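> Below are the sequence and a predicted model for it; my questions follow.
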Amino acid sequence: MVINQGIEHFNSPLYLESGRILESYDIAYETYGNLDKKRSNAIVVFHALTGSQHAAGRYENDNKSGWWDPLIGDNKTIDTTKYFVICANILGGCNGSTGPMSIEYSSGKSYRLKFPVITISDIVKAQQNLFKRLGIEEAFAIIGGSLGAMQALCCSIEYPNFTKRVILLAGTYATSPWAISFNKIAMEGIVNDPRFKNGQYEADDFADEGLFGLALGRMVGHISFLSPYSMRKKFDRNYVDTDGLYELFGRFQVERYMEYNGYNFSKRFDPLSYLYIIKAMNIFDATRNYESLSDSLGFIKAKLYLIAFKGDLLFLPEDMETIKDTIISLGKKNMVEFAYIDSDYGHDAFLVEYDKFDMYIKKALDEEF
């Protein structure tokens, strides 16, 4: 499978939900497979919070594959011999798309904390401009998990003619106070870290050591991505062999895992981008600009395929069931399917337990309309 990378620059202004304007912006993306002559075989994949446009395959001289590589590729569930798959780095990200560390056109300096607060609607609007430029007026399907599911749901409401198939994994229709609380700890950790310097750090300041505040936020967030059951299964109460039990800072293996995950992440992800993205997640509420959830979901014309995970403590399966029940209450029972995956892994099951849900994705893609 060939990976094609691109960055599209847009000079026309992007009018944001907040009333602010981005005079110009870039969207970075990757594609896999070939767009057919009718431009009708495109599958849009939306990435999650810490993901990027690198959804599949492996770069030359890189030992890590894209974040959904087991599902995307030649003869895989999302078959790139059949479909043209595209994944865009979200607006506000730090992997090529315009974000807080990008240069503001009028000042010639990085936006930093002057970057406007963006919403999921803004992110999806920018992506729609990308798809149109690439000649994709209608997608065969759109799919996303977690933050990606927010984008997919938003897209199905605000651009109802864009696709006939919407696949949501580990999603929600509105970010809960529980999830916002985890994000608050991350925000506090980042902005109160002296090395953050009120956003006036250099781009490479954290490449070697990472930012402690971001590492802390990542550790806390990662707890919400897992579950007590998956942690017990993965680590139990095992202790690090080289650490003494009666050393104050001796570690259980789960502690070492948290350190490794947090500090490595903080070396590669921009803290300002993290702040802006979790703010967009916190704001997300499919009812916010509508009278009710029924009102907003009533705009959807596509069929929804909802995949929830039993052990998900961050975005509860009940939220996905509410989406299902609301669609049914609108008299569209045949336009929604709900799969409840028996999993103890936690929220991140959609990135790990592929064999438990890939058949539902394949069924959605194989269904004819």
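Nice, I can see it.

> where do the strands sit along the stretch 51-200 of the chain?
72-73, 78-79, 84-88, 141-145, 165-169 (DSSP state E, counting those that start in this stretch).

> Report the distance from the second one to the chain centre.
Okay, so that is strand 78-79. Put simply, strand 78-79 sits 19 Å off its chain's centre (Cα atoms, centre = their mean, to the nearest Å).

> Could you do the fourth one as well?
In terms of Cα atoms, centre = their mean, the centre of strand 141-145 is found 10 Å from the chain centre.

> ok, now the third one?
Shown here is strand 84-88, whose average C-alpha point lies 14 Å from the average C-alpha point of the whole chain (Cα atoms, centre = their mean).

> strand partners of that strand, parallel vs antiparallel please.
Its sheet considered, strand 84-88 pairs with strand 25-32 (antiparallel), strand 42-46 (parallel) by DSSP bridges.

> who's in contact with that strand?
27-36, 41-47, 53-56, 72, 78, 97, 127, 130-131, 134, 136 (Cβ atoms under 8 Å, 6 or more residues apart in numbering). C-beta coordinates here come from the backbone N, C-alpha and C atoms, glycine included.

> picking that back up, let me know which of the strands paired with strand 84-88 is tucked in deepest.
Of all those, strand 42-46 has the most neighbours on average by mean count of other Cβ atoms under 10 Å, namely a mean of 27.

> Give me the contacts around that strand.
35, 55, 68, 72, 78, 83-87, 90, 127, 131, 136, 139-144, 147-149, 151-152, 155, 163, 365.

> still on that earlier bit, turn the strands paired with strand 84-88 into JSON lines, columns for distance to Ile3.
Output for these, formatted as JSON lines (distance: least, Cβ to Cβ, whole Å):
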{"stretch": "strand 25-32", "distance to Ile3": "6"}
{"stretch": "strand 42-46", "distance to Ile3": "13"}
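
> Quick one: closest of those to Tyr229.
strand 42-46 (27.5 Å; Cβ to Cβ).

> roughly how far is the closest one from the heart of the chain?
From the chain centre to the centre of strand 42-46 is a distance of 13 Å (Cα atoms, centre = their mean).

> when you compare where it runs with where strand 165-169 runs, what's the angle?
Angle of strand 42-46 versus strand 165-169, following axes from the mean of the first three to the mean of the last three Cα atoms, to 10 degrees, is 30 degrees.

> that older thread, now the strands of the stretch 51-200 of the chain as JSON lines including distance to Leu214, mean pLDDT and mean neighbour count?
JSON lines is the format used below for the strands of the stretch 51-200 of the chain (distance: least, Cβ to Cβ, whole Å; pLDDT from 0 to 100; neighbours: other Cβ atoms under 10 Å):
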{"stretch": "strand 72-73", "distance to Leu214": "28", "mean pLDDT": "98", "mean neighbour count": "24"}
{"stretch": "strand 78-79", "distance to Leu214": "31", "mean pLDDT": "98", "mean neighbour count": "20"}
{"stretch": "strand 84-88", "distance to Leu214": "23", "mean pLDDT": "98", "mean neighbour count": "26"}
{"stretch": "strand 141-145", "distance to Leu214": "22", "mean pLDDT": "98", "mean neighbour count": "27"}
{"stretch": "strand 165-169", "distance to Leu214": "26", "mean pLDDT": "98", "mean neighbour count": "27"}
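
> so can I have JSON lines of those strands showing distance to Asp295?
Formatted as JSON lines, the strands of the stretch 51-200 of the chain follow (distance: least, Cβ to Cβ, whole Å):
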{"stretch": "strand 72-73", "distance to Asp295": "34"}
{"stretch": "strand 78-79", "distance to Asp295": "32"}
{"stretch": "strand 84-88", "distance to Asp295": "28"}
{"stretch": "strand 141-145", "distance to Asp295": "21"}
{"stretch": "strand 165-169", "distance to Asp295": "18"}
